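Engineer: Build me a model from this:
(one chain, ligands or ions: 1)
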Amino acid sequence: MARIRICPRCKQPKLRPATNVSGWLAPEMFECSECKYVGRFYIEIDPEDYELEGEAKSKKE
Ligand SMILES: [Zn+2]
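Structural biologist: Here you go, the predicted model:
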């Protein structure tokens, strides 16, 4: 199953490759469209895990 990358700052799957940052190609950099995070770090998870985490939060007792 394909994994998804989520932002390490806001935990949202809003990351996209950040290209042409500072005028040069940065293939290992990622930009978050949610919180404007830019960096090389990201969290890679299975989509199932992401859904489970969401359920756990919504069912907080
Ligand atoms: Zn973010």
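Engineer: So E48, which state does it fall into?
Structural biologist: Using DSSP: H, G, I helix; E, B strand; the rest coil, the structure places E48 in helix.
Engineer: hang on, it packs against M1?
Structural biologist: Yes - counting by Cβ atoms under 8 Å, E48 touches M1, with 7.3 Å between them. To be clear about C-beta, it is placed using only N, CA and C from the backbone, and glycine gets the same treatment.
Engineer: Next, see if the helix or strand hosting E44 gets close to the ion.
Structural biologist: Using DSSP states H and E, E44 sits in strand 43-45. No - against the ion, strand 43-45 shows no contacts by Cβ under 5 Å from the ion, the least distance being 10.5 Å.
Engineer: which of the residues in that strand are buried?
Structural biologist: Of the residues in strand 43-45, I45 count as buried by neighbour count, 16 or more other Cβ atoms under 10 Å.
Engineer: what does stretch 7-18 give?
Structural biologist: Neighbour-count burial for stretch 7-18, counted by 16+ other Cβ under 10 Å, picks out 7, 13-15, 18.
Engineer: Near the ion, list only the ones from these.
Structural biologist: The overlap between those and the neighbours of the ion (Cβ under 5 Å from the ion) comes to C7.
Engineer: Closest one of the buried residues of stretch 7-18 to the ion?
Structural biologist: Using Cβ to the ion, C7 comes nearest to the ion of those, at 3.1 Å.
Engineer: Surely the closest one touches C35?
Structural biologist: Yes - counting by Cβ under 8 Å, C35 is a contact partner of C7 at 6.5 Å.
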